[in-house]
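# just a sequence and a predicted model for now, questions to come.
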Amino acid sequence: MTGDPEPISAQARRALEQELADLRDERRLVAGTLQDSPSVGDQADQADELQRADQLDRLDRRIEDITVRLRQAVSAGPASTDEVGVGSTVTVRFPDGSVETLQVGETAEALDQTLVTADSPLGHALLGHRPGDTVHYGTPDGPATAVVEAIGEGPAPS
């Protein structure tokens, strides 16, 4: 990644917006449990209060990170369809003939099997490449290759 604001896919944007909404809900709940009174009960109560305050700080940091990232994505504009970058949708063909359409993102969603991170071996190998390029990357089973078929919403017409 270049240090410039990177675009994100619509799918990644939706995931970040959902996470942001969930974090804001969680923050409201945690903030509601903090005591307004300066005198806190026994040590266990004080420890619980400190833990909730730490949780609130963690939530605030993540909310700020997501808010900044969404703002940066707007200034970055849409993902390029000329070469693979963060936010790209890319169709690749593997040596066994299988074809997959993947999203190149910053962070992987646990249940999203079509998302590869830009710092994963395949994601990193794809960055900067164009349709027709062969990329080389490492796997636990050894070296592997894939051919970039298309950049955009799906495979190029045959």
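Sure thing, it's come through.
# right, and the helix or strand after the top helix by length along the chain?
Identified as the longest helix of the chain according to DSSP state H is helix 43-76. Heading C-terminal from helix 43-76, the first helix or strand you meet, by DSSP states H and E, is strand 89-93.
# helices or strands up against that next one?
strand 99-105, strand 142-151 (3 or more Cβ pairs under 8 Å, 6 or more residues apart in numbering; DSSP states H and E). Placement of C-beta: from N, CA and C, glycine included.
# and it, which residues are buried?
Neighbour counts over strand 89-93 (16 or more other Cβ atoms under 10 Å) mark 89, 90, 91, 92, 93 as buried.
# alpha carbons of that strand, in CSV - could you do that?
Extracted C-alpha coordinates of strand 89-93, given in CSV (Å, rounded to 0.1, in the frame of the first residue of the first chain):
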residue,chain,number,x,y,z
THR,A,89,-12.7,-7.1,-7.4
VAL,A,90,-10.4,-9.5,-9.3
THR,A,91,-11.1,-12.7,-11.2
VAL,A,92,-8.3,-15.2,-11.1
ARG,A,93,-7.7,-18.6,-12.8
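# which neighbours does that strand have in its sheet, and in what orientation?
Strand 89-93 pairs in its sheet with strand 99-105 (antiparallel), strand 142-151 (antiparallel), by DSSP bridges.
# export these to JSON lines and tack on mean pLDDT, mean neighbour count and distance to residue 13?
Below are those laid out as JSON lines (pLDDT from 0 to 100; neighbours: other Cβ atoms under 10 Å; distance: least, Cβ to Cβ, whole Å):
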{"stretch": "strand 99-105", "mean pLDDT": "86", "mean neighbour count": "20", "distance to residue 13": "10"}
{"stretch": "strand 142-151", "mean pLDDT": "94", "mean neighbour count": "16", "distance to residue 13": "18"}
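# residue 136 pairs with what?
Those that pair with residue 136 in a beta bridge, by DSSP bridges, are residue 145.
# for the buried residues of strand 89-93, which one is nearest residue 127?
Nearest to residue 127 out of these is residue 90 (Cβ to Cβ; 9.9 Å).
# still on that earlier bit, how about the helices and strands packed on strand 89-93 in a markdown table, adding distance to residue 25?
Compiled in a markdown table, those are given as follows (distance: least, Cβ to Cβ, whole Å):
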| stretch | distance to residue 25 |
| --- | --- |
| strand 99-105 | 24 |
| strand 142-151 | 36 |
